[in-house]
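Chemist: What follows is a protein structure lacking sequence information:
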(Lines give C-alpha, C1' and ligand atoms only; values in the text may rest on other atoms or scores of the structure.)
Protein backbone atom coordinates (compact mmCIF):
# COMPACT_ATOMS: atom_id res chain seq x y z
CA UNK A 1 0.00 0.00 0.00
CA UNK A 2 2.81 2.42 0.88
CA UNK A 3 4.57 1.60 -2.38
CA UNK A 4 1.44 2.44 -4.36
CA UNK A 5 1.12 5.73 -2.49
CA UNK A 6 4.75 6.62 -3.20
CA UNK A 7 4.37 5.73 -6.87
CA UNK A 8 1.25 7.90 -7.15
CA UNK A 9 2.62 10.93 -5.29
CA UNK A 10 6.12 11.01 -6.78
CA UNK A 11 5.05 12.27 -10.23
CA UNK A 12 2.96 14.99 -8.56
CA UNK A 13 5.99 16.27 -6.67
CA UNK A 14 8.11 16.29 -9.83
CA UNK A 15 5.41 18.11 -11.77
CA UNK A 16 5.22 20.99 -9.31
CA UNK A 17 3.68 24.20 -10.61
CA UNK A 18 6.59 26.32 -9.35
CA UNK A 19 9.37 27.08 -11.81
CA UNK A 20 12.88 26.00 -11.03
CA UNK A 21 14.77 29.00 -9.62
CA UNK A 22 17.24 30.49 -12.06
CA UNK A 23 20.92 29.88 -11.65
CA UNK A 24 23.16 32.81 -10.96
CA UNK A 25 24.28 32.82 -14.59
CA UNK A 26 20.75 32.86 -16.05
CA UNK A 27 19.71 35.57 -13.59
CA UNK A 28 22.64 37.75 -14.66
CA UNK A 29 21.91 37.15 -18.35
CA UNK A 30 18.25 38.08 -18.03
CA UNK A 31 19.00 41.16 -15.93
CA UNK A 32 21.62 42.26 -18.47
CA UNK A 33 19.10 42.04 -21.29
CA UNK A 34 16.48 43.92 -19.29
CA UNK A 35 18.93 46.68 -18.33
CA UNK A 36 20.05 47.06 -21.95
CA UNK A 37 16.43 47.43 -23.04
CA UNK A 38 15.54 49.88 -20.27
CA UNK A 39 18.56 52.06 -21.05
CA UNK A 40 17.45 52.23 -24.69
CA UNK A 41 13.88 53.01 -23.64
CA UNK A 42 14.98 55.93 -21.47
CA UNK A 43 16.72 57.51 -24.45
CA UNK A 44 13.47 57.22 -26.45
CA UNK A 45 10.97 58.14 -23.71
CA UNK A 46 9.08 61.40 -24.17
CA UNK A 47 9.89 62.62 -20.65
CA UNK A 48 13.60 61.83 -20.69
CA UNK A 49 14.89 61.80 -24.27
CA UNK A 50 16.24 65.39 -24.17
CA UNK A 51 18.23 65.04 -20.98
CA UNK A 52 19.32 61.45 -21.71
CA UNK A 53 20.51 62.14 -25.25
CA UNK A 54 24.12 62.58 -24.12
CA UNK A 55 24.19 59.20 -22.37
CA UNK A 56 26.12 56.53 -24.25
CA UNK A 57 24.33 53.43 -25.47
CA UNK A 58 24.51 50.71 -22.85
CA UNK A 59 24.96 47.06 -23.70
CA UNK A 60 25.45 44.62 -20.83
CA UNK A 61 27.59 41.69 -21.95
CA UNK A 62 28.31 39.61 -18.87
CA UNK A 63 31.14 37.83 -20.68
CA UNK A 64 33.07 41.07 -21.19
CA UNK A 65 35.54 41.96 -18.45
CA UNK A 66 34.75 45.67 -18.90
CA UNK A 67 31.12 45.24 -17.86
CA UNK A 68 31.81 46.14 -14.23
CA UNK A 69 33.49 49.47 -14.97
CA UNK A 70 30.88 50.23 -17.63
CA UNK A 71 28.06 49.71 -15.14
CA UNK A 72 29.82 51.91 -12.57
CA UNK A 73 30.29 54.68 -15.12
CA UNK A 74 26.69 54.50 -16.28
CA UNK A 75 25.33 54.71 -12.73
CA UNK A 76 27.53 57.77 -12.18
CA UNK A 77 26.15 59.35 -15.34
CA UNK A 78 22.58 58.63 -14.25
CA UNK A 79 23.30 60.11 -10.83
CA UNK A 80 24.76 63.19 -12.47
CA UNK A 81 21.62 64.07 -14.41
CA UNK A 82 20.74 67.56 -13.22
CA UNK A 83 17.52 68.17 -15.05
CA UNK A 84 14.65 67.55 -12.67
CA UNK A 85 12.65 65.78 -15.37
CA UNK A 86 15.36 63.14 -15.65
CA UNK A 87 16.91 62.89 -12.23
CA UNK A 88 13.61 62.29 -10.44
CA UNK A 89 12.06 60.15 -13.15
CA UNK A 90 10.93 56.79 -11.78
CA UNK A 91 12.30 54.83 -14.76
CA UNK A 92 15.73 56.48 -14.49
CA UNK A 93 15.89 55.69 -10.79
CA UNK A 94 14.73 52.12 -11.42
CA UNK A 95 17.42 51.65 -14.09
CA UNK A 96 20.13 52.92 -11.73
CA UNK A 97 18.89 50.58 -8.99
CA UNK A 98 18.84 47.60 -11.38
CA UNK A 99 22.40 48.32 -12.52
CA UNK A 100 23.58 48.55 -8.90
CA UNK A 101 21.79 45.29 -8.11
CA UNK A 102 23.38 43.52 -11.08
CA UNK A 103 26.79 44.87 -10.05
CA UNK A 104 26.37 43.39 -6.57
CA UNK A 105 25.12 40.07 -7.94
CA UNK A 106 28.07 39.74 -10.33
CA UNK A 107 30.72 40.86 -7.84
CA UNK A 108 29.49 39.12 -4.70
CA UNK A 109 26.81 36.51 -5.31
CA UNK A 110 28.06 35.02 -8.58
CA UNK A 111 31.75 35.52 -7.91
CA UNK A 112 33.46 32.58 -9.56
CA UNK A 113 30.38 31.43 -11.50
CA UNK A 114 30.95 33.85 -14.37
CA UNK A 115 33.85 33.70 -16.77
CA UNK A 116 34.91 36.78 -18.71
CA UNK A 117 35.76 35.48 -22.18
CA UNK A 118 36.88 38.79 -23.66
CA UNK A 119 38.02 42.26 -22.67
CA UNK A 120 36.72 44.83 -25.16
CA UNK A 121 35.29 47.97 -23.57
CA UNK A 122 34.43 49.56 -26.90
CA UNK A 123 32.10 46.67 -27.76
CA UNK A 124 29.90 47.57 -24.79
CA UNK A 125 29.32 51.05 -26.20
CA UNK A 126 28.62 50.12 -29.80
CA UNK A 127 26.86 46.77 -29.57
CA UNK A 128 23.47 48.35 -28.82
CA UNK A 129 23.48 50.18 -32.16
CA UNK A 130 24.25 47.10 -34.24
CA UNK A 131 21.70 44.80 -32.80
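Modeler: Structure received. All values derive from a computational prediction rather than experimental measurement.
Chemist: remind me which residues of this protein are low pLDDT?
Modeler: 1-21, 113, 115, 125-131 (pLDDT under 70).
Chemist: tell me what the longest helix belonging to the chain is packed against?
Modeler: Longest helix in the chain, counting residues (DSSP state H): helix 24-44. Counting contacts by 3 or more CB pairs under 8 Å, 6 or more residues apart in numbering; DSSP states H and E, helix 24-44 packs against helix 90-104, helix 121-130. Quick note: C-beta positions are derived from backbone N, CA and C, even for glycine.
Chemist: What residues of it count as buried?
Modeler: 27-29, 31-32, 35-36, 38-39, 42-43 (16 or more other CB atoms under 10 Å).
Chemist: Name the residues that touch that helix?
Modeler: Identification of contacts with helix 24-44 by CB atoms under 8 Å, 6 or more residues apart in numbering yields 22, 48-49, 52-53, 55, 57-62, 67, 74, 89, 91-92, 94-95, 98-99, 101-102, 105-106, 109-110, 113-114, 128.
Chemist: Buried only: go through those for me.
Modeler: Among the contacts of helix 24-44, the ones that count as buried (16+ other CB under 10 Å) are 48, 52, 55, 58-62, 67, 74, 89, 92, 95, 98-99, 102, 105-106, 110, 114, 128.
Chemist: Grab the nearest non-local neighbour of residue 79.
Modeler: Excluding its sequence neighbours, the residue lying closest to residue 79 (CB to CB, 6 or more residues apart in numbering) is residue 96, at 6.7 Å.
Chemist: My guess is that neighbour contacts residue 75. True?
Modeler: Yes - between residue 96 and residue 75 there is a contact at 5.4 Å, judged by CB atoms under 8 Å.
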